[in-house]
Each structure stands twice: as structure tokens, then as C-alpha cells.
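1. need a 3D model of the sequence below.
(chains A and B)
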Amino acid sequence: MKLWTKLKALVCDWQISSKIVAICAVTSFVTISAISTISVYRNWLEFKESKLASLSTIADIMASNSQAALRFNDQHTANEHLRSLSYEPDVLQAALLDETGSLFARFNPDESATPPSIYPSDGIEWQPRSVVFTKSVYLANQKLGTLIIEVDTRPFRESVYQSIAAAIALLVGAMALSIFLASRMQRLIATPIKDLDIIAAEVRNSEEYTARAIKKYNDEVGSLVDSFNAMLDKISERDSSLREINANLENIVEQRTKDLRIQNYALQEAMEAANAASVAKSEFLATTSHELRTPLNPIIGYVEKIQREAPNGPHAQELGLIRQSAEQLLRLIEDILDFSRIENGTLRLTPEPVEIETLGSDIVTLLKPQATAKGLSLSYQFENKIKAYKTTPLVSIDEGRLRQVMLNLANNAIKFTHQGTVSLSATLHSFGDQTGKLRIQVDDTGIGIAQADQEKLFKPFSQIDASWTREYGGMGLGLAISQRIVETMGGEIYCQSEAGKGSQFTVTIPVPLETREQDAEESGEENSFALASAAKVLLVEDEAVNRELMDALLCSLGHDVEIAVNGAEAVRMAATQRYDFILLDISMPKMDGFEACRQIRALGNGNASTPVVAMTAHVTPEDKDRCYEAGMSDYLSKPVSFSKLKKALSNWLEKRPA
Amino acid sequence: MRPVIHKLAILVIIALGAIGLPSKLQAQTLQIDSFTADWIEGFADFTRWPNESQSHNITIALIDAPEVANYLKRRAAERTSKPKLRIVNLSANDSFEYVDILFVGAGNRANWKTIFEKCQGEGILSIGSQEGFCQSGGCVELVVRKNRLRFLINTDNANQSDVTLSSKLLELAVHP
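-> Numbers count the residues shown, from 1 in each chain, chains lettered A, B, ... in the order given. A predicted model of the protein is given here:
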């Protein structure tokens, strides 16, 4: 089987012409071999039958002629008769037996030959080198004797040999003729295929589809040539078509590239314009914020100072109104800035570990006076549903922004509730490994919101009723900002309300959880919010009003204050004096706060480690980052309240080396 | 004394010879009769008669040959092949109607003429064992050659008797 597979593989690799010749040769060989074999066999059969028939006839004649000799016991005549077989060269010997089986007459040309043995029955017996005919001699149904003739089989063999020789000669001749004719005639089939192969190879190598095969005959190969040429026509046509399409495409691409380039230029210009507008807007907002905050700083600061120094003064109520208005104006400014940041996509979250329970409690504490003033009951409830932690875990979240959202929702609830209760609840749910879901819910018994109006809730600058603006104040930015902050945190905010039956605002935010580490330290820090001991403070402020206010606040806290009016002066003073605390304005003439801080840090004297706290109306995160990059320790946004200042001083002066 | 003994011995031998010779001759005669019967039967197989048919039985008549007839009768009885043989004893004066083969025994030379005349044209194969039988008008004459029984054939006489003898038989026949 392996041999046959190998042979088949070998033959399959031959050229077509060789295959055709081989097929013809093999076919001829098989056919002629079969015919020759049959012919030899038939010749032998015919020869044998004719020879045997002839010998049988002779035997019959001899038997008939011997009847009288046997009947009348005439051995002489019988011998005479047998001797007539000498004319048959194939007869080796003959014998005539009488009815008793005794030898009656014999013909034996070769005297050395042994007489044939007796064959009782008539017929032919084949011996290795002879054939023996046995024929009974009858006369009137009476057996007179037996005639035995032994014939040489050499003529039979010679006949077979001659037939085989003739067959071999015929086979060789026919094979030679077959191979010759096949090798001549294979061209009829192989040549067109070879020509086709050459054309195909030429097309393949040159990739030129203009070449065509020449059709010579109307047979299958001719049909193949037609198909091949048709295929080349198609390919050529498609090639041309593709070239045209490519050329068109190139033109189109070139044209579109040009268009795109133009559009890109336009877009770039538009983008630059937009960026410029955005920058201008940001700068405008920053400048507006800065310019608004700057005067607010002394307003709020001085009102606070007066209220603290004379809480029951004759104008205590008016001062309270001034402070409330100023703080409202400040919130508006902050809302506008926040919304601008959100719309610009520049809102940045700074996650830090937050204790939610405390945060909520602080907010309630902050809003309690406002609620009490309206006769409302404000409650707060915190629930930790995460059981995997021993104590309530901290959540990693931007505390300021979460506080802003919670304050906004609670503040709105108080604002739109005239009687009844406002309740704030915070719940921590388990949300997976190391992750929780913070749910904040604010319920009120206020005026409620009709179903149709609820879709306006989170749209910026929209109040459900324009009259509300006049009644309740605000620009309608609070919920819009809260929604965007929550969404930026990956959470969602939704409202359930009915007109006249109060509202329920729910916020859910996924939050990473952190384990509480050292409560003792934290509580220690909280307890450290105490007035620090007297320190040598360098106050750097170009605005005279602010400078005086801050000087007064610092002095009221018992610190020794030295004043510089710009950065350059601050650097000079820091070069000669060592301070415990430097409060540094940013926007100043001659040298701004950033550069002043860098130079102070670069002095290399004792002030290199002095806490430098920025005090600025620039409140963007970028401004904050720039402060830290310049080497400042902390950041206080204007207006700087007494409590903020006190906390900062407390923080940083506690850390100074003893 | 010795010549007397010799004479006596010769006489004894002669006497013994005289006693044994007739028995030997008698045995030879019996053997010849048997052979003759056998051959007469053999001639029946190599002879064709006019108007011969498949069911044709051959009648063999014997004149003055009772021993041969006895042998023939025995053979005819034992014969299984056709044609069947019928053996009859006749005299020269009897009718030869229905006779196919006629064997003429010794001592009938005087009747030969009569016999041959009766056989002529009648389809009778005449066989004799006496010398000159064929020359006198018989068809077959049994002779002894080289101590073997042979036969002569006179084809002319056979033709005149309207019988045909097989060439095979003719081939075996000896010449006078």
C-alpha cells in the first residue's frame, strides 16, 4: 500500500506529456498482454484439439484396420498396420493388445523405449512428456483388443513456445508503436496545456493581463483556453476598473484631504477661538471671582470682627443682614464658578478618607440655626449597613464636593419648607469587595414639586416658578451643579415629590471603603483646634483694606504680625528675619506670591521650613496646584473668615518645631 | 545280446509311438475344428450380403463337418453381438435356401460342382478346407501356412456367389 502511494505521488508529479505516454504505454501493455495471453491460450487449445483430433482419427483408423488382424490372429498384418504410424513423426510408439491384454503387435521406432503400460479405459492420458491414446478395438460389439498410441508432446510445447514468442514480439512491437504514437500525439493535448501554463506563468510574473493564450483546437483544452482568456479579460477589465477607481479615489482622497485640511484649519481656528474664548471666559470668571471676592473679604471679615467684638451692639441685626447678604453673594459666585468648571469639564475631584457620619452631623449643625429660625425641625440619621467592618468605615470621596451637594439639598429643603420637618439621612450599603454605596436622602414637608415641573429641576438657571427667585432667592444652579457633581462621582440623583406634600431627594454614589486606622490620633487632631501660642507672623498683602483686616484678625489671636506690601518686600524681610508663619497673598505688584514663596524657600535660612499659607481670591484648582508647586504649605481662599484663619494657624503652628 | 536289446528298444519305441500317434492326431484335429469354427464365425463379420439388414441373422450351413458345427453352435449360443448365428447341418443335396455361409467338410470333393452351382448368385459364401477348393469354384479356402491356419480367397468366385468380402479380410488372405 505505501509503495502504491509513493508510486502514485511520483507519477502525479510527472509532466502531462509523460503521464499521457505512460497511460498509453500501460494501457497498451495491459490490453496487448491480455489479448496475447488469450491468443496464446486459444492457439494452444486449437492446436491441441486439432492435434488430438488428428491423432484420434489415426487411432480410430488403426483400430478399425486392426480388427481383422486381431480377429484372425494375424500379428504380421497387425505389425504392418502399426508400422504405418512411422509416417507420423510425433508417434513415439504404438501397441496392439489382444482381448486378453497380451501384446499382439507393436510399433517402436526407438528400440530402447519401454512398452506402454496398459490403460484399461479408452481416452487420453497426459504423461510428463507424452500423450497416450487408448482405444479399444471392437468388432460387432465384441472387444477384440486394445490399441495404444503414445505421442510426443514436444509439438504441443513448441506450439506454445512459438505462440508466446509471437505474443512477446507483438507486445514489444505494439508497446514501441504505442509509446511512439503516444509521444507524438501527446502534443495534441500537452502542448496547448503547456502553452496555457506558460501564459499563466507570464501573467503571474509580469502581472500584465494583456497576454492571451492561443486556441488551437475546439476540445476541452480549447474551452479551457477560452475560459482562461475570458478570465484574463475580466481581470484586465477589473484591473482597469480598479485603477480608475484608485485614481478616482486618490483624487477624491486628495480633494477630501484638502477639504479636511481646510476644515481642520477652520476647526483649529474655531478651536483656538473657542479656547481663546474659553480662556477669556475662564480668565473673566477668575478675574470676576477674584475681583468680587477681594472686596467681600473685608466686608465679611470686618462684619465678623464687629459681631465677635460686640455681639449685642446696636447694629447687630443689620450686621447680620450684611453678613448674610455677603455670604449669599459669595455662594452665588462660587456656584457660577463651579458651573463654569463643570461645563468646561475641568471639575476635579480630590478623594480623601471621609467620615460620613461626622460630615452629615456638621452639615446639620451648620444649618440648624437657619432651620430653627424658620421654626422647622431638622433631624439627622446615619446608618451603617456594612457588617464586614468592625467600625463604620471611611469612604474615599471628595469631601468638599459631597458637602456641597448635601448642603445644597438640605439648604433647599429648609428654603422651600415653611413648616414641619426636614430630615437628612446617610446610609452606607455594601456594594462589593472594598466598595460601598452611599445613599443620602433629604426629606421635607415643604411645598413640593408638581410632576410636570420635576423635569426642570436639574436644568441650570431654571426655577420652577420665576417668582420663586424673588421669594426664595438663588439662580437655579444648585441642583444642576449637585447633579453634575454626583454624576462625575459615578452616582445618580433623583427626586420624588408631590405638590403640597413635600419632597424627597435621594443621592446614591458608589464609594471605595477604607478602614479606620487611628481614631485616637484623629481625635487628638480635632482636639488640637485650640488657639496656638503667640507666633511671629509675616503678613504679605497689597490691598490695604485686606491687609488691615488680616492684621487685626491675627493680632486678635495674639500673634506678632509684621507686614509686607508685596512679594519682593516679603522676600527681603524673610531674608533677615525668621518667621513662624507666613500668610501670603498671590496677586501682588512687583512680585506675586508664587515667586515670593519660591525665593523664600530658596533663601536656605530658617524660613525654608516656615509654613507659607496662600491667601487668595484665585480659587481654581489650577491656582491651588500652582501654590503647592511654588512651595506653599496650604491655601486659604478669600474671603478668609476668622474661623478658617484660626484653623489654619492652629494646624501649622502645632507642627512647628519646639 | 546287445543287438537284441537294441532291437527290443526300437520295437518298444515304435510300439509306444504307434500307441500315442492317433491321440496326438486326434487332438490336432479337434484344435483345427475349433479354429475352423472360430474363423467361420469371423468370416461372417467381414462379409456383406445383398439385401442385408440390421435384423439379418446369418445362417451357417455345414456339410460333413459335425464337430465344427458343434463348436459353432456353442459359439453361436455364447455370441452376444449381432448378427445372430443360426447353425444347420446340410448335405450337398439339400436346399441352400436361406444359407449365408456354407462350410464344406472334407470328403465332398465329388459334390463340389453341385455345391458351387447351387451357391452361384445366391449370396452364399462357400468355405472349404480341402486343397483346390478355391480353384474349383469356392470362395474361401482354409490353409495352413508356417503352422498357422490361414486362408485363400477367390474374389471372382465370391463375386459370382454375389457376396462381398471386406478389404480387411482380403488383406489377411494369403496367396496360393
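
2. can you pull out the strands in chain B?
-> For chain B, the strands defined by DSSP state E cover B:47-48, B:58-63, B:85-90, B:101-104, B:125-128, B:140-145, B:148-153, B:164-165.

3. so which of the ones you listed is nearest chain A?
-> Minimum separation from chain A across these (C-beta to the nearest C-beta) falls at strand B:148-153, 7.9 Å. For the C-beta atoms, the positions are set from N, CA and C on the backbone; glycine is no exception.

4. on contacts alone, who are the packing partners of the closest one?
-> Counting contacts by 3 or more C-beta pairs under 8 Å, 6 or more residues apart in numbering or on different chains; DSSP states H and E, the secondary-structure elements packed against strand B:148-153 are helix B:2-45, strand B:140-145, helix B:167-172.

5. run the last query once more with 7 Å
-> strand B:140-145 (3 or more C-beta pairs under 7 Å, 6 or more residues apart in numbering or on different chains; DSSP states H and E).

6. next to chain A, which bits of chain B? Give me the list.
-> Proximity of chain B to chain A (C-beta under 7 Å from any C-beta of the partner chain) is limited to residues B:Trp39, B:Gly42, B:Asp45, B:Phe46, B:Thr80, B:Ser81, B:Lys82, B:Ser166, B:Lys168, B:Leu169, B:Glu171, B:Leu172.

7. pull out the buried members of the residues you listed.
-> When burial is judged by neighbour count using 16 or more other C-beta atoms under 10 Å in any protein chain shown, the buried members of the residues of chain B next to chain A are B:Trp39, B:Gly42, B:Asp45, B:Phe46, B:Lys168, B:Leu169, B:Leu172.

8. related to what we said a few turns ago, same list (the residues of chain B next to chain A) but as a markdown table, adding pLDDT.
-> Rendered in a markdown table, the data for the residues of chain B next to chain A read as follows (pLDDT from 0 to 100):
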| residue | pLDDT |
| --- | --- |
| B:Trp39 | 89 |
| B:Gly42 | 89 |
| B:Asp45 | 85 |
| B:Phe46 | 89 |
| B:Thr80 | 83 |
| B:Ser81 | 80 |
| B:Lys82 | 80 |
| B:Ser166 | 89 |
| B:Lys168 | 88 |
| B:Leu169 | 88 |
| B:Glu171 | 88 |
| B:Leu172 | 89 |
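
9. follow-up on the earlier one: now the buried ones among the residues of chain B next to chain A in CSV, with distance to B:Phe116?
-> Written out in CSV, the entries for those read as follows (distance: C-beta to C-beta, whole Å):
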residue, distance to B:Phe116
B:Trp39, 20
B:Gly42, 22
B:Asp45, 24
B:Phe46, 21
B:Lys168, 25
B:Leu169, 20
B:Leu172, 23
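
10. hmm, back to that, want to throw the strands of chain B into CSV with mean pLDDT and distance to A:Val612?
-> As requested, these are arranged in CSV below (pLDDT from 0 to 100; distance: least, C-beta to C-beta, whole Å):
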stretch, mean pLDDT, distance to A:Val612
strand B:47-48, 88, 171
strand B:58-63, 92, 175
strand B:85-90, 91, 174
strand B:101-104, 93, 179
strand B:125-128, 93, 179
strand B:140-145, 90, 179
strand B:148-153, 89, 175
strand B:164-165, 91, 174
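
11. okay, now the unreliable bits of chain B?
-> When residues are selected by pLDDT under 70, those of chain B lie in B:1-30, B:53-55.

12. how does it look with 50?
-> In the predicted model of chain B, residues B:1, B:21 satisfy pLDDT under 50.

13. any idea which of the residues of chain B next to chain A is closest to A:Ser18?
-> Taking C-beta to C-beta as the measure, A:Ser18 sits nearest to B:Lys168 out of the residues of chain B next to chain A, at 74.0 Å.

14. so the closest one touches A:Ser66, yeah?
-> No. Using C-beta atoms under 7 Å, B:Lys168 makes no contact with A:Ser66, being 8.8 Å away.

15. between the two, what contacts are shared?
-> Common contact partners of B:Lys168 and A:Ser66 (C-beta atoms under 7 Å, 6 or more residues apart in numbering or on different chains): none.

16. hmm, who's touching stretch B:150-164?
-> B:47-50, B:119-126, B:134, B:137-143, B:165, B:170, B:173-174, B:176.

17. give me that answer again for 6 Å
-> Under the criterion C-beta atoms under 6 Å, 6 or more residues apart in numbering or on different chains, residues B:47-50, B:119-121, B:123-125, B:134, B:137, B:139-143, B:165, B:173-174, B:176 lie in contact with stretch B:150-164.

18. now those: which count as buried?
-> For those, buried by 16+ other C-beta under 10 Å: B:47, B:49, B:119, B:123-125, B:134, B:137, B:139-143, B:165, B:173.

19. apart from its chain neighbours, what residue comes closest to the most centrally placed residue in chain A?
-> What sits nearest the mean C-alpha location of chain A, by C-alpha atoms, centre = their mean, is A:Gly490, with 26.5 Å. What sits nearest to A:Gly490 in space, not counting adjacent residues and going by C-beta to C-beta, 6 or more residues apart in numbering or on different chains, is A:Pro510, at 5.4 Å.

20. and what of A:Pro295?
-> Leaving out its chain neighbours, A:Pro295 is closest to A:Val545 (C-beta to C-beta, 6+ apart), at 8.0 Å.

21. equivalent analysis for A:Ile600, please.
-> For A:Ile600, the nearest residue in space outside its immediate sequence neighbours is A:Ala574; the separation is 4.6 Å by C-beta to C-beta, 6+ apart.

22. same question, B:Ala92
-> B:Asn111 (3.6 Å).

23. okay, and A:Leu653 sits in which element?
-> The secondary structure element spanning A:Leu653 is helix A:642-655 (assigned by DSSP states H and E).

24. how far does that helix sit from its chain's centre?
-> Between the centre of helix A:642-655 and the centre of its chain there are 55 Å (C-alpha atoms, centre = their mean, to the nearest Å).

25. among the buried ones among the residues of chain B next to chain A, which pair sits farthest apart?
-> Set against one another by C-beta to C-beta, those have their most distant pair in B:Trp39 and B:Lys168, with a gap of 13.9 Å.

26. okay, strands next: where are they in the stretch 51-200 of chain A?
-> For the stretch 51-200 of chain A, strands defined by DSSP state E, counting those that start in this stretch occupy the ranges A:91-98, A:103-107, A:123-126, A:130-139, A:142-152.

27. A:Ala190: which of the ones you listed is closest?
-> Nearest to A:Ala190 among the strands of the stretch 51-200 of chain A is strand A:123-126 (53.3 Å), distances taken as C-beta to C-beta.

28. got the CA positions of that closest one in PDB?
-> Extracted as PDB, the C-alpha positions of strand A:123-126 are listed here (Å, rounded to 0.1, in the frame of the first residue of the first chain):
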ATOM      1  CA  GLY A 123      -9.200 -42.000 -23.600                       C
ATOM      2  CA  ILE A 124      -6.200 -39.700 -23.400                       C
ATOM      3  CA  GLU A 125      -3.700 -39.800 -20.700                       C
ATOM      4  CA  TRP A 126      -1.200 -37.000 -20.400                       C
END
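
29. what about A:Ala310, neighbour count?
-> As a burial measure, A:Ala310 scores 12 neighbours (other C-beta atoms under 10 Å in any protein chain shown).

30. how about it, phi and psi?
-> Dihedral pair for A:Ala310: phi -130, psi 70, per degrees, to the nearest 10.

31. which bits of the stretch 51-200 of chain A sit near chain B?
-> By C-beta under 6 Å from any C-beta of the partner chain, the residues of the stretch 51-200 of chain A that approach chain B are A:Ala68, A:Arg71, A:Phe72, A:Asp74, A:Thr77, A:Leu139, A:Ala140, A:Asn141, A:Gln142.
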